[in-house]
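Participant: dropping a prediction and its sequence here:
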Amino acid sequence: DTEVTQTPKHLVMGMTNKKSLKCEQHMGHRAMYWYKQKAKKPPELMFVYSYEKLSINESVPSRFSPECPNSSLLNLHLHALQPEDSALYLCASSQASGGAPETQYFGPGTRLLVL
Amino acid sequence: ILNVEQSPQSLHVQEGDSTNFTCSFPSSNFYALHWYRWETAKSPEALFVMTLNGDEKKKGRISATLNTKEGYSYLYIKGSQPEDSATYLCAFHGGATNKLIFGTGTLLAVQP
């Protein structure tokens, strides 16, 4: 199974709402990632978890709160977002074996619209 | 600020044409260069991870070359088919971290 799944596929939320994005993989990968992609721009890294610990936070505003409850799951909790946060949110995973450069396997993304 | 550039931005070809696109990246602190193929509404699919200067990789009709000294990689598609229509992304992997810096992609449309 080389699949990374993400739910929901689409999400519309108001600026006062709290919502969560979910990502799951069953490849035994120990590194998981959140990326954000705005229209016509490249995906940009937000967070990296390695062995369930946050290892990289790319200066992301605190209204985005990641969580890695176990090695298969990655959540992104959203609160008090702004319309400019509307984007495609991609999750990825990799082995985290610490050896050669690793392929990151991506999910299909959650398209978020903040009204 | 690290810059990863891809050209052209988009490409329209006829079925059977061969095509190629370019990815330019910083030549310093190189660790790897990744190529992905991304069809609309699907997950980005990993094509190649390239690490060595002069590396050439091949997967079916798709191949890629790498020049780390001058900071570029070429992706070639031989005999394009409509199912090759997708956005092709490269990602620079600098230093021994997990951070990928993506280019803006080349959108390929293959007309039957």
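Facilitator: That came through fine.

Participant: show me which residues of chain A sit near chain B.
Facilitator: Within chain A, the positions near chain B by C-beta under 8 Å from any C-beta of the partner chain are A:4, A:31, A:33, A:40-45, A:48, A:50, A:55-56, A:90, A:94, A:96, A:100-109. C-beta coordinates here come from the backbone N, C-alpha and C atoms, glycine included.

Participant: surely B:Asn3 is in contact with B:Pro26?
Facilitator: Yes: counting by C-beta atoms under 8 Å, B:Asn3 touches B:Pro26, with 7.2 Å between them.

Participant: show me what contacts the residue nearest the centre of chain A?
Facilitator: Centroid-nearest residue in chain A, with C-alpha atoms, centre = their mean: A:Trp34, separated by 2.8 Å. A:Trp34 is in contact with A:Cys23, A:Leu45, A:Met46, A:Phe47, A:Pro66, A:Leu74, A:Leu76, A:Tyr89, A:Leu90, A:Cys91, counting by C-beta atoms under 8 Å, 6 or more residues apart in numbering or on different chains.

Participant: mind checking the pLDDT average for the helix or strand hosting it?
Facilitator: For A:Trp34, the element it lies in under DSSP states H and E is strand A:31-37. Confidence over strand A:31-37 (mean pLDDT, whole number) is 97.

Participant: got the residue ranges for the helices in chain A?
Facilitator: Assigned by DSSP state H, chain A shows no helices.

Participant: excluding chain neighbours, what is closest to A:Ser94?
Facilitator: A:Glu102 (4.2 Å; C-beta to C-beta, 6 or more residues apart in numbering or on different chains).

Participant: wait, that neighbour sits on A:Ala92?
Facilitator: No: using C-beta under 8 Å as the test, A:Glu102 is too far from A:Ala92 to be in contact (10.4 Å).

Participant: the two: which is more packed in?
Facilitator: It is A:Ala92, of A:Glu102 and A:Ala92, that has more neighbours when counted by other C-beta atoms under 10 Å in any protein chain shown, with 27 against 20.

Participant: does the more buried one really touch A:Gly107, like I thought?
Facilitator: Yes: with contact defined as C-beta under 8 Å, A:Ala92 reaches A:Gly107; the gap is 7.1 Å.

Participant: identify the contacts common to those two.
Facilitator: Overlap of the contact sets of A:Ala92 and A:Gly107 (by C-beta under 8 Å, 6+ apart) consists of A:Val4.

Participant: show me what counts as buried in stretch A:72-80.
Facilitator: Neighbour-count burial for stretch A:72-80, counted by 16 or more other C-beta atoms under 10 Å in any protein chain shown, picks out A:Leu74, A:Asn75, A:Leu76, A:Leu78.

Participant: cool, and stretch A:56-68?
Facilitator: Residues of stretch A:56-68 classed as buried: A:Ile56, A:Val60, A:Phe64, A:Pro66, A:Cys68 (neighbour count, 16+ other C-beta under 10 Å).

Participant: thanks a lot, catch you later.
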